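Undergrad: Have a look; sequence and predicted model below, questions after that.
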Amino acid sequence: MEQSNPIMLLKSVAKTFPNGTIALRGVDLDVAQGKVHGLLGANGAGKSTLIKILSGSIKATGGTIIWRGQEVSWNTPKEANDIGIATVHQHIPLVPTLSVLENVFLGKDELWRKSKSIYAKYDALCEQVNYRIEPNVLVSELSIGARQMLAIIQALATGADLIVLDEPTASLAAEERELVYSVVRRLSKVENKAILFVSHFLDEVLSLTDQVTILRDGQAVLRAETSQLDEDTLAEAIVGKAIAKLEHEAEERESFVRGDDEPRLSIRNLRSEGKFASVDLEVAKGEVIGIAGLLGSGRSEFLHAIYGADPQAKGEVLLDGKLVPRSPGGSVEAGMGLVPEDRLEQGLVPDFEIWRNLTLPILDRVSAGGFFPIAKREFGLAVEAIKKLGIKADSPEILVSELSGGNAQKVTIARWLFTDVKVFLLDEPTAGIDIGAKTDILRLVRELAAEGRTVIIVSSEFEELLAVSDRILAMRDGTIVAERNVHETSEHDLLLLCSGEAAATSNEAYENA
Amino acid sequence: MVAKNMTQNNETPKLAQTAAINWRKTFGLREMGVYYALVMLIAVLAVATTYLGKSNYLSVMNLSNVVYQSSLIAIMAVAMTVVLISGNFDLSVASVAALSAVMLIGNADTIGYWPAVGLALAVGMSMGLLNGVIVQYVGINAFIVTLGTMTAVRGLVLIYTDGRSLSVRDPNVIETMRAFEGGKHDIYWLAIALGAVLALWGIYQLISARSKGQPLRPGYIGKLLSGLAMIFIAYASGGELILRNPVLFMGLFTAVVWSVLTYTNVGRRLYAVGGNPEAARLSGINVTRYKLMSFVLCSGAAAFAGVLFASRLRSINPAGLQGAELTVIAAAILGGTSLFGGAGSVIKTLAGALLLYSLTNGFNILNLGANYQGLIEGIVVVTAAAIYTVGGGVSRKS
């Protein structure tokens, strides 16, 4: 019944940017109270634009928005809030130097920063989500998971009836995700809120949502009840074609046979106080090592230490038997390339175009006399990269800050492809990007290995590790707890190793849910 | 193969579209505002002086005076731009320049002019190194560190001079100073030749781009216009165009810094370091070294400006150049340099410095009195910043 009377109804909402880019071609969307509505789509499909329209940061150029039966429009986030729509953005905009309480009531015009009534209000909000954060703690001291919960509480505090959650679980570990799921369920079923849940994870969309809308190329291509869908249908609708199953390929792949050659990469007694304990590792040419670990397991720190980017790390790294100097510059020189976890913060220079970002680590090679970069050469490389990796960009002149997540990630990977990089260090290369781009990147990893390059890949998506790796190391609390040949392990096994019993059972609970 | 890719890309209609937008951006307020402002100010002053019957503002004599007056500040502002691009900030330039000037004046009589210049530059650069080491290795914010060194170095100046003015007595030293600072060159023919070369080059590029059907680039028009401007200035000078040494140094220094920033790896990496230090570090760039060297360059340039200042006056007052750091930073901001690093152009900084000094000069010629000067300068700086912020926002959204 509620479906027939949705709280918000979008009718052919369109957005054309002043520069002529068409982001939305006319999207219909309906969200009902007490329901969780999933919104899916590949990178560049128009999800971000739609969310920006809903949150009031940009204005639609066509179509109508009907809220509780009346046509409405808004120009600012504040106006959207007043109508009853709150958006929890992917990159959570909290003020780290203020307390939890102050963040929650940031937009409210209260005279006093702390009054009794405000504590009571805060408690009521915590009651609603059934999760409590100490109100006087500074936000900078909270974990990412707690910040995500805080952002949801903040959205609730506006009194919204529709809450838009933009990839709330993208950067969370398994247990933390579980928490978000339970809050989302509670808000929709108990508090009768309407939830628009944007995600890249098909399994969570299937288990959590009531209805699903899928965007592709700025249009809604699928609108269905979740109960009638399965992962394959979703994936097909998102990418527009049946995606090949990399995992099947992995099963058919021969076990990696290590030759008698000298190992490509030897890591000897590499350690970093307080981050991870001593590691010894030898990796052969053409071998892909997967590092399975949850957030905070020391997996990224380990990669950074190999790359020489951690000044506190001690130990030796040898590439083809030669000692690599302990600095990123030395590692690049020796033939290593790192694709960092956070592409915007650690990977790209936002004010640079695609081509200038692309050649940043390889400037010497595109320069005359190793000193004067030749723009034409760089431009050519960028055009090649755009074609090779299928980066969705009209021209290499586009700023990377204007690219969507998956395409930006492809740029950070592409910059290492034009040199004879021997060892690739990939830190969560598929985080927060759609299936299409994910498959492209995982395929690329196998191609690199086939060319005889060595890859060390970190991921919290264990199925991806199983799809591409030859060997998998499981990390927990800064220690490598196990080493497995890819054919001798499973997702369940890895999860057990990385998180211990507790998380494994929670995963089962989640699968049963 | 590269060329093939280029043409392929040019054929796609979408690329042409972005190029068209770039044109609008290139000549928008955000990119060219400081030039428009400079031209407008000069035009207003020219009309005002003619109307009021004062001496002609647009005389070559007066204009070259403005350039001469701005040269020291401009040299420091260009180096400041480098520090700002690297993502840091340096408040200590004026104090370092004063220290360098004091070192020169205080020692030239005993050890000779050139050794004293060497000493002054060395002392100045070591101040930059000190700034850089504290900022990069201890990790204190550059604003705070250089606020401290600004005060402390000024204190050193006072200690060294014991609060009194110093001056040189040795006639040989005075002669060398006069020759070094006051040296003049007649560049009439050079300006005409250079202007002709630039103009012809611009025309050639315009025609060849036209005939090959390639898109026009702003640089072609820039070359043509600046070439024509040089010829015009030479013509207006009536046969004798005098270039003084500080202006020559300013020009050379700006040209070198601009070339390095625009055409070399070092420049590209510097912009990357300021734009996103972590990304630059993980790309294998030695971020610390780049930031450190920017400080050293900045203090070195300040020391050189101090040498010129001391040589011009042949004496130094311990309060000399006080407050100049704000003019230096104002010039960089007028030129559109970002305070957050990663963006800036030394040519525009130069235009910013000229703009500030044109204002001062205009006030003098129009007899408006120095009282209004600070107010107007402040308004100009804030207006410029507002245009950059608002203009930048619009261009990003569109």
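TA: Received the coordinates, thanks.

Undergrad: how about low-confidence regions in chain B?
TA: Chain B contains residues with pLDDT under 70 at B:1-24, B:391-398.

Undergrad: mind listing the strands for the stretch 251-398 of chain B?
TA: Taking DSSP state E, counting those that start in this stretch as the test, the strands found in the stretch 251-398 of chain B are B:315-316.

Undergrad: Next, the contact list for the residue in it positioned nearest to chain A, please.
TA: Sorted by distance to chain A under CB to the nearest CB, the residues of the stretch 251-398 of chain B start with B:Gly284, at 3.2 Å. C-beta coordinates here come from the backbone N, C-alpha and C atoms, glycine included. Going by CB atoms under 8 Å, 6 or more residues apart in numbering or on different chains, B:Gly284 touches A:328-333, A:361.

Undergrad: Leaving out the residues flanking it, which one is nearest to it?
TA: Spatial nearest neighbour of B:Gly284, chain neighbours left out: A:Val332 (3.2 Å); criterion: CB to CB, 6 or more residues apart in numbering or on different chains.

Undergrad: immediately after the helix or strand hosting the one you found, which helix or strand?
TA: If you go by DSSP states H and E, A:Val332 is part of helix A:328-334. Sequence order places strand A:336-339 as the next helix or strand after helix A:328-334, per DSSP H and E.

Undergrad: neighbouring contacts of that following strand?
TA: A:303-304, A:306-307, A:309, A:319, A:324, A:328, A:331, A:347, A:361, A:409, A:412-413, A:415-416, A:419, A:421-427, A:429, B:282.

Undergrad: Tell me which helix or strand comes right after that strand.
TA: Following strand A:336-339 toward the C-terminus (DSSP H and E): helix A:354-358.

Undergrad: List the buried residues of that next one.
TA: By neighbour count on 16 or more other CB atoms under 10 Å in any protein chain shown, the buried set for helix A:354-358 is A:354-358.

Undergrad: Out of the residues you listed, which comes closest to chain B?
TA: A:Arg356 (7.0 Å).

Undergrad: Next up, the contacts around residue 36.
TA: Since you didn't name a chain, this refers to chain A. A:184-185, A:188, A:195, A:197, A:208-211.

Undergrad: switch to chain B, that's the one I care about
TA: Contacts of B:Tyr36 by CB under 8 Å, 6+ apart are B:Leu29.

Undergrad: distance of it from B:Ile192?
TA: 27 Å (CB to CB, to the nearest Å).

Undergrad: before we move on, back to that, ok, now which ones touch the residue nearest to B:Gly284?
TA: Applying CB under 8 Å, 6+ apart, the residues contacting A:Val332 are A:361, B:283-284.

Undergrad: what helix or strand is the closest residue in space to A:Glu353 that isn't next to it in sequence on?
TA: In space, and not counting its chain neighbours, A:Glu353 is closest to A:Glu397: 5.1 Å by CB to CB, 6+ apart. Secondary structure from DSSP H and E places A:Glu397 outside every helix and strand.

Undergrad: and A:Glu397, how many neighbours?
TA: 18 (other CB atoms under 10 Å in any protein chain shown).

Undergrad: phi, psi of it?
TA: phi -80, psi -10 (degrees, to the nearest 10).

Undergrad: I'd assumed A:Asn357 was in contact with it.
TA: No - using CB atoms under 8 Å, A:Glu397 is not in contact with A:Asn357; the gap is 11.7 Å.

Undergrad: Can you say which of the contacts of strand A:336-339 are buried?
TA: A:303-304, A:306-307, A:309, A:319, A:324, A:328, A:331, A:347, A:361, A:409, A:412-413, A:415-416, A:421-427, A:429, B:282.

Undergrad: so who does the closest residue to A:Arg471 other than its chain neighbours touch?
TA: Spatial nearest neighbour of A:Arg471, chain neighbours left out: A:Ile289 (5.3 Å); criterion: CB to CB, 6+ apart. Residues near A:Ile289 by CB under 8 Å, 6+ apart: A:281, A:283, A:454-457, A:469-473.

Undergrad: which stretches of the stretch 101-250 of chain A have low pLDDT?
TA: Across the stretch 101-250 of chain A (using pLDDT under 70), the flagged ranges come out as A:107-114, A:239-250.

Undergrad: Appreciated, that's everything.
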